[in-house]
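Peer 1: here's a sequence, model it:
(chains A and B)
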Amino acid sequence: MGRYMTRRLMTAIPVVAGIMLLSFLLVQSMPGDPLRMLVPPDLLQGPEGEAFLEAQRERFGLNDPVIIQFFHWVGELFQGNLGFSFHLGAPVTEILGDRAGPTLILMGGSMIVALTLAVPVGLMAALRRNSAFDYTASAVGMSVIAIPSFFTALAAIYIFGVKLRWLPPGGMGQDGFGDFLIHAIMPIGVLSAALFGPYMRYTRQSALEVLNEPYITAARARGASRRLVVGKHTLKNAAIPIATVTIVQIPLLVGGAIVIETMFSWPGTGLVVFNAITTRDFPVIIGFTLVVALIVVVSQLFLDLFIAWLDPRVRIEG
Amino acid sequence: MTEQREAPGGPNGSGLEDSLLSVRDLTVRFRTTEGEVHAVNGLSLDLEKGETLAIVGESGSGKSVTSLAIMGLLPGEATVEGSVKFDGRELLGLSDRKMRRLRGRDISMVFQDAMTSLDPVFTVGNQIIETIKAHNPSIGAKDARARAVELLDVVGIAAPHRRVDDFPHEMSGGMRQRAMIAVAIANEPSVLIADEPTTALDVTIQAQVMEALALAQDATGAAILLITHDLGLVASYADRVLVMYGGFAFEMGQADEVFYRSKNPYTLGLLNSIPRADRRDEQLQLIRGAPPTAVRKPVGCVFAPRCDFAEDVCAEQVPPLIEVGSGHHSRCHFASSSDFIVDETDGGVADLRSRRSIEYEEAAPVLEVKNLVKHFPVRDGFFKRSTAVVKAVNGVDLTVGKQESLGIVGESGSGKTTVARCILRMTEPTSGSIKFKGLEIQDLEESEMRELRKDLQLVFQDPYASLNPRMTVREIVAEPLKIHGWSKSESRKRVVELLEAVGLSEGHLTRYPHEFSGGQRQRIGIARSLSLGPSLLILDEPVSALDVSVQAQVLNMLDSLQAAFDLAYIYIAHDLSVVRHVSDRVAVMYLGEVVETADSDQLYESPAHPYTHSLLSAVPVPDPTSARSQKRIVLEGDIPDPSDLPGGCAFHTRCPIAQDTCEVEKPPLRSIADGHMVACHFFLEPGETLENRRAKTINQYQLKKNVDQY
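Peer 2: This next block holds a predicted model:
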């Protein structure tokens, strides 16, 4: 088990290094001189301006070979410095750090809500294959996959926020937990609706496969109760593909979260990143990409750990 | 139904009520997209306390469906009618909740493949305890665990208190199957249904598992319903036999009655079509065609299309089960009037196999393998350092003459398939020489090798996986011709020729593999390998995926092709009976070495190596009398790990007659008679058995070994 995890960690390192290198090359290939963008234009007038620029270049190490610059950059990264936003005039770490919490709440909350609904429904659909319940669940799953979440978001804001006025149409509540919850219902609801479809279908699919396995028949043949057959044997075996799909979809979820945050004025990274994309604020975009990539790598590690816990065969195969 | 009153009683003609398990007029139909399939048709049987009743049948006979119907485990698409009574209580129609209380407590089941029938993500102990707790919820965790350990001990698992925490994949195949038996007997059931309990296992492991099953029966007094396709197992272990075909009971009676006084053309055909390890069959009698896969509503006898004795009435009326002896019933219109002697000149019998041995020994060998070694490094860790070496093949010498068939037998892990892969250059040998018609194949360029492959072909084990489902028969068989640049018209002519040689016809050219039965597919595969006119065909378990009655057809066909196409065969199999039937010479492999090689009759009649002895003694013979007198030497344990070979003689860890020398000194392969080579310090003389040798030499070494074990 320890060996298995060490090996997984070891393979994650080159992935992280690769992501860093790619991000750095992106910065390098950015058009324009970063100094010219940062320094006020009046300082750049005349020959003193050129000399000033040259001095600054020397000072910031911009004349160093690219590889040295890369290691400088990596060194800064490890100290938590992701660069400086041109537009917001603040360190990227600060900008993203302040907004990371709400985004994580939105994403994590939606995943939890979607899973707690999708797994039982998918399991039930598999157990009652070709029943009315199965068809209904499949139809609902299909429609939430087919309807884009920005549309669901618009519809929800219009119905619950504008017409019925049951829920606040946007923002994140600041007055205690109750207020926060009321504000969170719609964004989390819309995002988890989008996740529910694929989660439910995968659960149904993998449960159907497991239910066809001889060991399920064998469990029934020794008198195991339905609760044991479904809750123990089926669920644990079916959990492996479900967990994989859940984790693999995280990058997609990030894209979805950006849209939802923008629409509900949720104060997460989504708005900042959305603005950064439209204004080509590269340090923010790259910082965000790097953070997301790291989250994906880390969650992959957790997935591996989880699967190894579920399936003893994985532990030795590595 | 017209058969209501023909229900056979028990062995003593005992009435319905006394039977432990009594099945009457069981009918199972499945609704499928292609219409209704009649899987079981009016089956009646009785199982008495403590007896073993075998249900024999080929695929599609309905034997497994019957067992699932008894357990109430058939899927919702199945319609089940009739009556299944356990201890006088009707089971059909019981709710799943009520059935659940019986399953695993009164009636339990051992499934075919323990790898897939044990849940891979829970330990073996967990699954035994689950079974105990399902019927005894009040039992404490400690007691349940103690009971699980005890059960593993009953079925002969060493160190059960450690093994109880193993996951299924951590056990060897034989051990897993025993664990499965332990699960089945956890609540001391009165009926144990064993559905093909040893089918995927090697003979020595099969013997261990059957012994465990017998121990389990002794410990619980359970009646066993043994479901199998293997008549050898039936003869060795069953009190009574039920032969099923196409969902019908075809014959039923005491084992001796059915084996020696069969009154049914299907049973007789089956008995005559199986090759036997205990005698040389000059030919195998055939049953034409293949067993039905999905029976529609039957009109007439389901066996009639394959029966040599069929008359008009057979196509029109379902034959009744007729009593032909005491407790002996046969389903045939002519059961009481005909003797069913097969006319030897009839088309049902294949060509005689000509005996040849000396004439080819002088001819130049087609293949000469010298000191072949293949070691696979096991790469592990992040930097893929080689941490261990799997010694798959350790110095093998083989010679195959022109038109000779060499059989290679061995358990899984013996290295027989690796030898074949080296010969075909699908894997590079570590060292040694392989000469094909005098050419050292390892020196050949890739292009020369391609040329040589015309002459050296392989037939695969699985006819279902080895044919591309999207290609027609013509495309499949013509593919090698196309690669080697034959013109279209030439190749078409050749394909037709080949199809006819393997018993198919021109009409099959445009059909796809899924339209054929397993036996026919294997014929297509053989036709493909013959297309370029090879002189050596390597057959890797070519019939092990086929039904018994179909195996004989393919074996006989291979026999007649040998002369017609001037072929030499290397026949790789774990089934010793089949190897005896097809081989002129046999090499026995153990852990990557040839331990004995001899003319096939010599090897089977007077084996010299203790391993060959025990292998042969483990093969169940389809003859109840000899099966009863057969002294089975059950080898202990599993084949050792080929990455950690025992020193000295590799077999000494399992050898019943090993001595001190064997542990340190490797015996060379030496000649002990004309063409008979053996690698053993203490090989057995002709006529000597392992028993009397063992009695003579109860020696210090064996005593020490026994002490070490405890």
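
Peer 1: residue contacts, B:Glu515?
Peer 2: Taking Cβ atoms under 8 Å, 6 or more residues apart in numbering or on different chains as the definition of contact, B:Glu515 has no neighbours. (Each C-beta comes from the backbone N, C-alpha and C, glycine too.)

Peer 1: go on, A:Ala126?
Peer 2: By Cβ under 8 Å, 6+ apart, the contact set of A:Ala126 is A:Asp134, A:Thr203, A:Arg204, A:Gln205, A:Ala207, A:Leu208, A:Leu211.

Peer 1: save those as TSV, and put in neighbour count too.
Peer 2: Formatted as TSV, the contacts of A:Ala126 follow (neighbours: other Cβ atoms under 10 Å in any protein chain shown):
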residue	neighbour count
A:Asp134	18
A:Thr203	28
A:Arg204	25
A:Gln205	17
A:Ala207	26
A:Leu208	17
A:Leu211	19
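
Peer 1: list the buried residues of stretch B:397-417.
Peer 2: Using 16 or more other Cβ atoms under 10 Å in any protein chain shown as the test for burial, stretch B:397-417 gives B:397-411, B:413-417.

Peer 1: keeping just the C-alphas, turn it into CSV.
Peer 2: Output of stretch B:397-417 as CSV, limited to C-alpha atoms (Å, rounded to 0.1, in the frame of the first residue of the first chain):
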residue,chain,number,x,y,z
ASP,B,397,15.0,-30.2,-26.0
LEU,B,398,12.3,-31.3,-28.5
THR,B,399,12.4,-33.0,-31.9
VAL,B,400,9.4,-33.3,-34.3
GLY,B,401,9.8,-35.5,-37.3
LYS,B,402,8.0,-35.3,-40.6
GLN,B,403,4.3,-36.0,-40.2
GLU,B,404,4.9,-36.8,-36.6
SER,B,405,2.6,-35.4,-33.8
LEU,B,406,4.3,-34.4,-30.6
GLY,B,407,2.1,-33.8,-27.6
ILE,B,408,3.2,-31.5,-24.9
VAL,B,409,1.4,-31.8,-21.6
GLY,B,410,1.8,-29.9,-18.4
GLU,B,411,-0.2,-27.9,-15.9
SER,B,412,-0.7,-24.2,-16.3
GLY,B,413,2.7,-22.6,-15.6
SER,B,414,4.7,-25.5,-17.0
GLY,B,415,6.0,-23.3,-19.8
LYS,B,416,4.4,-25.3,-22.7
THR,B,417,2.8,-22.2,-24.3
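
Peer 1: follow-up on the earlier one: nearest to chain B among the contacts of A:Ala126?
Peer 2: Among those, A:Leu211 lies closest to chain B (Cβ to the nearest Cβ), at 10.1 Å.

Peer 1: need the contacts of A:Ala126 in JSON lines with distance to chain B, can you?
Peer 2: Formatted as JSON lines, these follow (distance: Cβ to the nearest Cβ, whole Å):
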{"residue": "A:Asp134", "distance to chain B": "13"}
{"residue": "A:Thr203", "distance to chain B": "17"}
{"residue": "A:Arg204", "distance to chain B": "17"}
{"residue": "A:Gln205", "distance to chain B": "18"}
{"residue": "A:Ala207", "distance to chain B": "14"}
{"residue": "A:Leu208", "distance to chain B": "13"}
{"residue": "A:Leu211", "distance to chain B": "10"}
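
Peer 1: out of the residues you listed, list just those in helices.
Peer 2: A:Asp134, A:Thr203, A:Arg204, A:Gln205, A:Ala207, A:Leu208, A:Leu211 (DSSP state H).

Peer 1: so what pLDDT did the second one get?
Peer 2: We have a pLDDT of 94 for A:Thr203.

Peer 1: lowest mean pLDDT among the helices and strands of chain A, which one is it?
Peer 2: Ranking every helix and strand in chain A by mean pLDDT, DSSP states H and E puts helix A:34-38 at the bottom, with a mean of 66.

Peer 1: outline the domain layout of the chain.
Peer 2: This is for chain A. For chain A, the domain assignment from automatic domain parsing gives the residue ranges A:2-78, A:97-317.

Peer 1: that answer is for a different chain, and I need it for chain B
Peer 2: When chain B is parsed with automatic domain parsing, its domains come out as B:4-106+B:189-331, B:603-709.

Peer 1: let me know which of those is tucked in deepest.
Peer 2: domain B:4-106+B:189-331 (a mean of 20; mean count of other Cβ atoms under 10 Å in any protein chain shown).

Peer 1: is that one positioned near chain A?
Peer 2: Yes. Using Cβ under 8 Å from any Cβ of the partner chain, domain B:4-106+B:189-331 reaches chain A at B:Leu68, B:Met71, B:Leu73, B:Asp96, B:Arg100, B:Arg101, B:Leu102, B:Arg103, B:Gly104, B:Arg105.

Peer 1: turn those residues into JSON lines, including distance to A:Gly231.
Peer 2: Output for the residues of domain B:4-106+B:189-331 next to chain A, formatted as JSON lines (distance: Cβ to Cβ, whole Å):
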{"residue": "B:Leu68", "distance to A:Gly231": "23"}
{"residue": "B:Met71", "distance to A:Gly231": "22"}
{"residue": "B:Leu73", "distance to A:Gly231": "19"}
{"residue": "B:Asp96", "distance to A:Gly231": "16"}
{"residue": "B:Arg100", "distance to A:Gly231": "15"}
{"residue": "B:Arg101", "distance to A:Gly231": "19"}
{"residue": "B:Leu102", "distance to A:Gly231": "22"}
{"residue": "B:Arg103", "distance to A:Gly231": "18"}
{"residue": "B:Gly104", "distance to A:Gly231": "18"}
{"residue": "B:Arg105", "distance to A:Gly231": "21"}
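
Peer 1: quickly list what B:Gly401 is bridged to.
Peer 2: With DSSP bridges as the criterion, B:Gly401 is bridged to B:Pro365.

Peer 1: would you confirm that it contacts B:Ala568?
Peer 2: Yes. Using Cβ atoms under 8 Å, B:Gly401 is in contact with B:Ala568, at 6.8 Å.

Peer 1: got any ranges where the stretch 151-300 of chain A has weak pLDDT?
Peer 2: Within the stretch 151-300 of chain A, not a single segment meets pLDDT under 70.

Peer 1: what do you get if the cut-off is 80, keeping everything else the same?
Peer 2: Residues of the stretch 151-300 of chain A that meet the criterion pLDDT under 80 lie in A:161, A:165, A:168-178, A:277-283.

Peer 1: the stretch 601-710 of chain B now?
Peer 2: By pLDDT under 80, the weakly predicted segments of the stretch 601-710 of chain B are B:630-634, B:636-638, B:691-692, B:694-710.

Peer 1: what ranges do the strands span in it?
Peer 2: Ranges of strands in the stretch 601-710 of chain B, per DSSP state E, counting those that start in this stretch, are B:670-673, B:676-678.

Peer 1: tell me how far the first one is from the chain's mean position?
Peer 2: Yep, that's strand B:670-673 we're talking about. Averaged C-alpha coordinates place strand B:670-673 at 31 Å from its chain's average position (Cα atoms, centre = their mean, to the nearest Å).

Peer 1: and B:Val594, how far from chain A?
Peer 2: Distance of B:Val594 to chain A, given as Cβ to the nearest Cβ, to the nearest Å: 32 Å.

Peer 1: who's that residue bridged to?
Peer 2: Following DSSP bridges, B:Val594 is listed with bridge partners B:Met589.

Peer 1: let me see the contact set for it.
Peer 2: By Cβ under 8 Å, 6+ apart, the contact set of B:Val594 is B:Val396, B:Asp397, B:Leu398, B:Ala587, B:Val588, B:Leu669, B:Met677, B:Ala679.
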